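S.K.: Sequence first, predicted coordinates after that:
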Amino acid sequence: MGDKQSCKKIKEERTVFLSKGNEVYRIPSLFYDRDNKIFMAFAEQRSTTNDADAKHLVMKTGTLKEEESTGVRTIEWSELKVVKEAHLDGHRPMNPCPVYEKTSKTLFLFFVCVKDGITESWQRFWGSNKTRLCYITTKDGGQTWSSVTDLTHLPDINEWATFAVGPGHGLQTESGKLIIPTYAYASCSTSYCCISCNCSVPHALALYSDDKGSSWKFGKMLETKSVECEIAEVSDDAGYNYIYCNARSEGGYRVEALDDGAGFKTLPSARKLVETGKGCQGSVVSFPTVSEGATTDSSPNKWLLYTHPSDQSNRINLGVYLNKTPQDPNGWSKPWIINSGPSGYSDLAYIGDGWFACLMECGVQKYTEQIAYEVFHFSQVEKGALQEKNCFCCVCSCVCF
């Protein structure tokens with residue numbers, strides 16, 4: 001059994017972005033490039049924890065390392081780099097959300113640029129959108145980036161009070177469609193607002209491209225009130241593919257929806273995935289099913305993995321949840337706690353062969369102290385989810401309580 005000091009040391013070894021002084025790092029985003037075998041971690045660099053004080057998008061690249069004697073996997077990270085190309089004059093870049101186009105081997109880094117001095121609450125109150133939809137691209141793992149492409153001309157944006165992408169990661173489906181998770185605050189003048197409304201109402205939706213990123217358009221909003229979301233592709237025994245959406249709510253339980261090609265339909269809540277306080281972002285990925293303890297990456301069927309603070313009141317105790325029946329909200333397991341204590345936003349990436357990486361906001365006193373990572377295997381999740389109580393401070397399994 002380890003003590004608290006040893007646990008603290010292990011957490012420090014997992015740090016990717018460390019907040020200090022007037023440099024605060026928030027909003028983690030993680031992408032694993034299977035072609036080049038590298039991770040790309042993104043975050044917002046802010047002068048304070050306040051959303052209005054975002055300054056730059058920053059990144060690090062990482063290489064997976066495995067200790068031969070123990071089999072423990074870690075990531076070796078590069079020095080921090082400011083993504084200077086993710087910038088519009090007079091605006092602050094926010095919400096990094098990458099998606100990879102496999103045919104052209106192009107990574108699209110989506111983000112929003114919000115006019116300096118303007119907050120989300122101001123836009124919602126006045127119904128006046130001051131946010132721009134942008135992306136840059138790279139074909140060399142972030143060594144060089146394209147100039148900014150501004151998509152704010154898309155017609156739907158004019159109808160919203162404000163909006164944002166992600167944060168987290170996007171998806172390329174088996175058919176090649178690129179999807180960026182998005183949420184928007186529909187103006188009170190739209191059909192999504194009732195007579196008694198006094199402000200704009202949020203709804204999750206998807207931004208997608210059917211032509212490898214040459215053009216983009218929005219899908220239909222979820223009918224249910226929902227905020228930040230992530231999206232994954234799942235399939236069933238009959239071979240049908242579905243797009244699964246897991247979205248933040250404003251309290252109670254998460255919003256889940258499925259799209260079979262006709263638009264998202266909200267699934268009935270099984271009250272398995274709690275929402276934290278007034279809400280917190282969560283991450284979801286799909287991965288090939290596991291048979292007799294072995295993962296076959298060629299399997300057409302997919303399961304889901306999801307991360308989110310597991311406490312219903314406070315952003316603490318980041319849990320990993322497993323669902324082997326993605327179309328059934330009752331299929332979610334109990335959470336396996338990978339970070340005990342303050343925990344905020346997170347982002348998952350599937351590495352392959354049953355291995356995952358998670359980038360997460362966490363700390364000793366506050367979840368804004370650092371963005372750290374963990375690498376773990378499916379078997380650890382399954383074993384941890386079966387336990388009656390989870391008292392682990394990290395996946396190293398040293399008990400602190």
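M.R.: The structure has been received and is ready for your questions. Residues are numbered from 1 along each chain as shown.
S.K.: Just checking, which helix or strand succeeds the helix or strand harbouring Tyr373 along the chain?
M.R.: Using DSSP states H and E, Tyr373 maps to strand 370-377. Moving toward the C-terminus from strand 370-377, the next helix or strand (DSSP H and E) is helix 378-386.
S.K.: between that following helix and strand 370-377, how many degrees?
M.R.: 100 degrees (axes from the mean of the first three to the mean of the last three C-alpha atoms, to 10 degrees).
S.K.: Grab the CA positions of stretch 37-50 and hand them over as PDB.
M.R.: In PDB, the C-alpha atoms belonging to stretch 37-50 read as follows (Å, rounded to 0.1, in the frame of the first residue of the first chain):
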ATOM      1  CA  LYS A  37       2.400   6.600 -33.500                       C
ATOM      2  CA  ILE A  38       2.300   9.900 -31.700                       C
ATOM      3  CA  PHE A  39      -0.100  11.700 -29.300                       C
ATOM      4  CA  MET A  40      -1.100  15.300 -29.800                       C
ATOM      5  CA  ALA A  41      -2.400  17.000 -26.600                       C
ATOM      6  CA  PHE A  42      -4.100  20.500 -26.900                       C
ATOM      7  CA  ALA A  43      -5.300  22.900 -24.200                       C
ATOM      8  CA  GLU A  44      -6.200  26.500 -23.700                       C
ATOM      9  CA  GLN A  45      -3.600  28.700 -22.000                       C
ATOM     10  CA  ARG A  46      -5.300  31.400 -19.900                       C
ATOM     11  CA  SER A  47      -4.100  34.200 -17.600                       C
ATOM     12  CA  THR A  48      -6.700  33.100 -15.000                       C
ATOM     13  CA  THR A  49      -9.300  30.300 -14.600                       C
ATOM     14  CA  ASN A  50     -11.900  32.600 -16.200                       C
END
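S.K.: for it, the distance to its chain's centre please.
M.R.: Mean-position distance between stretch 37-50 and its chain equals 12 Å (C-alpha atoms, centre = their mean, to the nearest Å).
S.K.: And stretch 66-74, by the same measure?
M.R.: That offset, for stretch 66-74, works out to 27 Å (C-alpha atoms, centre = their mean).
S.K.: before we move on, what about stretch 118-135?
M.R.: That offset, for stretch 118-135, works out to 21 Å (C-alpha atoms, centre = their mean).
S.K.: Check stretch 93-113 too.
M.R.: Distance, centroid of stretch 93-113 to centroid of chain: 13 Å (C-alpha atoms, centre = their mean).
S.K.: which of the residues in that stretch are buried?
M.R.: 93-101, 106-113 (16 or more other C-beta atoms under 10 Å). Heads up, the C-betas are built off the backbone N, CA and C, glycines and all.
S.K.: Next: stretch 17-27.
M.R.: Neighbour-count burial for stretch 17-27 [16+ other C-beta under 10 Å]: Phe17, Ser19, Glu23, Val24, Tyr25, Arg26, Ile27.
S.K.: May I ask which two of these are separated the most?
M.R.: Taking C-beta to C-beta as the measure, the buried residues of stretch 17-27 span a maximum distance of 14.1 Å, between Glu23 and Ile27.
S.K.: just how off-centre is whichever strand or helix holds Phe356 within its chain?
M.R.: Taking DSSP H and E as the criterion, Phe356 maps to strand 355-362. Remark: strand 355-362 is offset 10 Å from the chain centroid, using C-alpha atoms, centre = their mean.
S.K.: before we move on, what about stretch 162-174?
M.R.: 8 Å.
S.K.: now the helices for the stretch 51-200 of the chain?
M.R.: Taking DSSP state H, counting those that start in this stretch as the test, the helices found in the stretch 51-200 of the chain are 120-126.
S.K.: Please enumerate the strands of it.
M.R.: Per DSSP state E, counting those that start in this stretch, the stretch 51-200 of the chain carries strands over the ranges 54-66, 73-77, 81-82, 91-101, 106-115, 131-138, 149-150, 160-165, 171-172, 178-186.
S.K.: To Arg34, which of those strands lies closest?
M.R.: With C-beta to C-beta as the criterion, Arg34 lies closest to strand 91-101 of the strands of the stretch 51-200 of the chain, at 8.8 Å.
S.K.: Please report the number of neighbouring residues for Tyr240.
M.R.: 11 (other C-beta atoms under 10 Å).
S.K.: how close does it sit to Lys84?
M.R.: Using C-beta to C-beta, to the nearest Å, Tyr240 is found at 44 Å from Lys84.
S.K.: State which strand of the protein is the longest.
M.R.: Using DSSP state E, we find that the single longest strand of the chain is strand 336-352.
S.K.: strands paired with that one, and their directions?
M.R.: strand 316-323 (antiparallel), strand 355-362 (antiparallel) (DSSP bridges).
S.K.: just checking, Gly363 touches Asn339?
M.R.: No - using C-beta atoms under 8 Å, Gly363 makes no contact with Asn339, being 9.5 Å away.
S.K.: the more surrounded of the two?
M.R.: Asn339 (29 against 19).
S.K.: For that one, which non-adjacent residue is closest in space?
M.R.: Closest residue to Asn339 apart from its sequence neighbours, by C-beta to C-beta, 6 or more residues apart in numbering: Leu318 at 4.2 Å.
S.K.: what bridges to the one you found?
M.R.: Beta-bridge partners of Leu318, counted by DSSP bridges, are Pro309, Asn339.
S.K.: Show the contacting residues for His308.
M.R.: The contact partners of His308, taken as C-beta atoms under 8 Å, 6 or more residues apart in numbering, are Arg254, Leu273, Thr276, Cys280, Gln281, Gly282, Ser283, Leu318, Gly319, Tyr321, Ser346.
S.K.: I figured the second one hits Val255, correct?
M.R.: No - the pair formed by Leu273 and Val255 falls short of the contact definition of C-beta under 8 Å, at 9.2 Å.
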